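Chemist: fold the stuff below for me.
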Amino acid sequence: MSLKNRVQYLFNRNTNYAFPEHALNQAESLKSLSNDLYTDSVRFIYELLQNADDASIRNLSVPRKVVISVIDKYLIITHNGLPFNEKDLDALCAVGCGTKAKDYEKTGYKGLGFKAVFGKSGYVLIYSKGEYFRFDSSQTFHWNANWSETQNTWEIENNRKFIFPWQIVPLWTEINDVPTMVKDFIRNNPCKVAYIILLNKVEDAEQGLKQLQKHSHMLLFLRNITETHFYSKTSRVILRLETNTDGTKKLQFTGGIPSQWIMKQLVLDIPDEICQALSNDLNIPEKLKLVRKTEISFAAKYEGTNKIQKLDENESVLFCYIPTTISQYKFPLLVNANFLTTVNREQLHTDSTWNQWLFKQIPKEIFKWISDLALEKWQQHAYKLVPNKLTLNDTLVKRYNESCEQGMKQIKFIMNNQRSPLFLSVDEAIIDLTSLSKEPFVGSDRIRLNWALKSLTGTIVFSYLKGVIFVDYH
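Modeler: Down below sits the predicted model:
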């Protein structure tokens, strides 16, 4: 169905203000929102990538992919997912009214991500299944005759320059008015949807794309997209996420060294007391208030023959399905969850009951995952993922550290090499770094007896595993 009538309807609705002050206040609010959403040249691209992921068609026989290209002064982002429908168009022309608020299989829920584009451009053309519409700051919007005064008189009397909220006013665009190079690009790169963005600063976008290509792990937690193609005048780089036969993931890109990841996805029940707290919190999005389960995902990096690598500090960022810029929490692996962040994804709400509960789950679930990995081919390196207490001082860290200490003592994640049970907690385990337990004149029973006697007298043998090297546990 054509979107033309809906575009015209939204144009009429979103240009019909009773007073010029209403239009100007809306315009200034949108301007501030767009400029404040993201200050770098990469984040708004992530938002469009998330939109493409949410629009993906499941069970597609061809790879679900995104193409990102800078041509002349335009940034073009295309995908082969679902085209726009009327509800999608309505959401683009509103603030905080996304179509994903009650769709639990989609990531977005704030209805703000697209507005970040207007911080980088005053002209955004959208292609959807053969049709075009645009948002254009250069469009002349006629002064409403019902406002009585002329625009010039009003501006003098109010000492304000009048601007219109063009960011929510769609303009139908005939194909003959579309730049030839845009039509050629879409013809050569068939797609269902394309965002064509006339850039304020082309150099920033080009630099941002180079930076983006280095962050190959950006695809790890997206639900659907498996390929991202970067096209420029001089190169074509393809970033591809593949699933290995053992369920691990391989990220590879043209001319680069592949990275390999072990993935763990968890679906956790949300306790009643947390649900109750969320329902009473006015700052919680409606989508989070309605859920009774939530996902937490981990990705551990490995190389060679099953050698797990603890992440470098500069690699450890939090994910909300796409990477955030939150990097102060130095986890040994990548952590993805539906964290409640600021709009620009640059900070977590540390006073949020929801975030505090999520942080409490992270170390416990890592300990449980370690015990799973130790049963598989990863056992010699699984303990590199043992979480350490964090040194930051905020409420999230406090909840994390409390859970980390409890998990260390209560969760049986240390493989027992002597007898059942298969796994031991820290308080139950003896780590023999001397290998004396292998010697017949000592043996493990004497060591165990000696440990038990010392424990009875109050001697703590191993109270925390930070820095301990695990040996001979298989």
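
Chemist: tell me the confidence at residue 88?
Modeler: Note for residue 88: predicted pLDDT of 92.

Chemist: any idea how far it lies from residue 377?
Modeler: Separation of residue 88 from residue 377 (CB to CB, to the nearest Å) stands at 45 Å. Backbone N, C-alpha and C define where each C-beta goes, glycine included.

Chemist: ok, these two, which is more surrounded?
Modeler: residue 88 (19 against 11; other CB atoms under 10 Å).

Chemist: find the residue at the geometric middle of the protein.
Modeler: residue 322 (2.2 Å; CA atoms, centre = their mean).

Chemist: that one: what's it in contact with?
Modeler: Residue 322 makes contacts with 46-47, 49-50, 107, 218, 221-222, 345, as judged by CB atoms under 8 Å, 6 or more residues apart in numbering.

Chemist: between those residues, which is nearest residue 69?
Modeler: residue 49 (13.7 Å; CB to CB).

Chemist: any idea how many residues pack against that closest one?
Modeler: The burial count for residue 49: 23, using other CB under 10 Å.

Chemist: just checking, it touches residue 227?
Modeler: No - between residue 49 and residue 227 there is no contact under CB atoms under 8 Å: 11.7 Å.

Chemist: mutual contacts of the two, please.
Modeler: With CB under 8 Å, 6+ apart as the test, residue 49 and residue 227 both reach residue 66.

Chemist: what's the average pLDDT for whichever helix in the chain runs longest?
Modeler: The longest helix of the chain (DSSP state H) is helix 353-374. Averaged across helix 353-374, the pLDDT comes to 96.

Chemist: for that helix, packing partners?
Modeler: If you count contacts as 3 or more CB pairs under 8 Å, 6 or more residues apart in numbering; DSSP states H and E, helix 353-374 packs onto strand 259-269, helix 272-279, strand 293-303, helix 395-410.

Chemist: ok, which of those comes nearest residue 126?
Modeler: strand 293-303 (30.2 Å).

Chemist: quick one: contacts for residue 4?
Modeler: Residue 4 sits next to 131, 172 when contact means CB under 8 Å, 6+ apart.

Chemist: redo that, cut-off 10 Å
Modeler: Residues counted as contacts of residue 4 (CB atoms under 10 Å, 6 or more residues apart in numbering) are 131, 133, 172, 174.

Chemist: can you tell me which of the residues you listed are buried?
Modeler: 131, 133, 172 (16 or more other CB atoms under 10 Å).

Chemist: if we can go back for a sec, now do the buried residues in the longest helix of the chain.
Modeler: Neighbour-count burial for helix 353-374 flags 353-367, 369-371, 373-374 (criterion: 16+ other CB under 10 Å).

Chemist: go on, stretch 207-214?
Modeler: 208-209, 212-213.

Chemist: so which of these sit within helices?
Modeler: 208-209, 212-213.

Chemist: and which of these is nearest residue 278?
Modeler: Among these, residue 212 lies closest to residue 278 (CB to CB), at 33.6 Å.

Chemist: residue contacts, the closest residue to that closest one other than its chain neighbours?
Modeler: In space, and not counting its chain neighbours, residue 212 is closest to residue 42: 5.6 Å by CB to CB, 6 or more residues apart in numbering. With contact taken as CB under 10 Å, 6+ apart, residue 42 is in contact with 204-205, 207-212, 215, 218, 323, 325.

Chemist: so what's residue 42 scoring on pLDDT?
Modeler: 76.

Chemist: tell me how far it lies from residue 175.
Modeler: To residue 175, residue 42 is 31 Å away according to CB to CB.

Chemist: what does residue 197 give?
Modeler: Counting by CB to CB, the gap from residue 197 to residue 175 is 19 Å.

Chemist: more neighbours: which of these two?
Modeler: Remark: of residue 197 and residue 175, residue 197 carries more neighbours, 24 against 10, as counted by other CB under 10 Å.

Chemist: now do the same for residue 211: its pLDDT.
Modeler: 80.

Chemist: which non-adjacent residue is nearest it?
Modeler: Residue 211 sits nearest to residue 42 (CB to CB, 6+ apart), 5.7 Å away.

Chemist: what of residue 178?
Modeler: Closest residue in space to residue 178, ignoring its immediate chain neighbours: residue 132 at 5.6 Å, by CB to CB, 6+ apart.

Chemist: from residue 213, how far off is the one you found?
Modeler: 29 Å.

Chemist: least confident secondary structure element in the protein?
Modeler: Sorted by mean pLDDT, DSSP states H and E, the helices and strands of the chain end with helix 443-456, the least confident at a mean of 46.

Chemist: report the contact partners of residue 170.
Modeler: By CB under 10 Å, 6+ apart, the neighbours of residue 170 are 3, 6-11, 14, 89-90, 92-93, 126, 133-136.

Chemist: give me the buried subset of those.
Modeler: Looks like those have 3, 6-7, 10-11, 14, 89-90, 92-93, 126, 133-136 buried, using 16+ other CB under 10 Å.

Chemist: which residues of the stretch 201-350 of the chain fall in strands?
Modeler: 227-231, 236-243, 249-253, 259-269, 293-303, 307-309, 318-320, 322-323, 334-337 (DSSP state E, counting those that start in this stretch).
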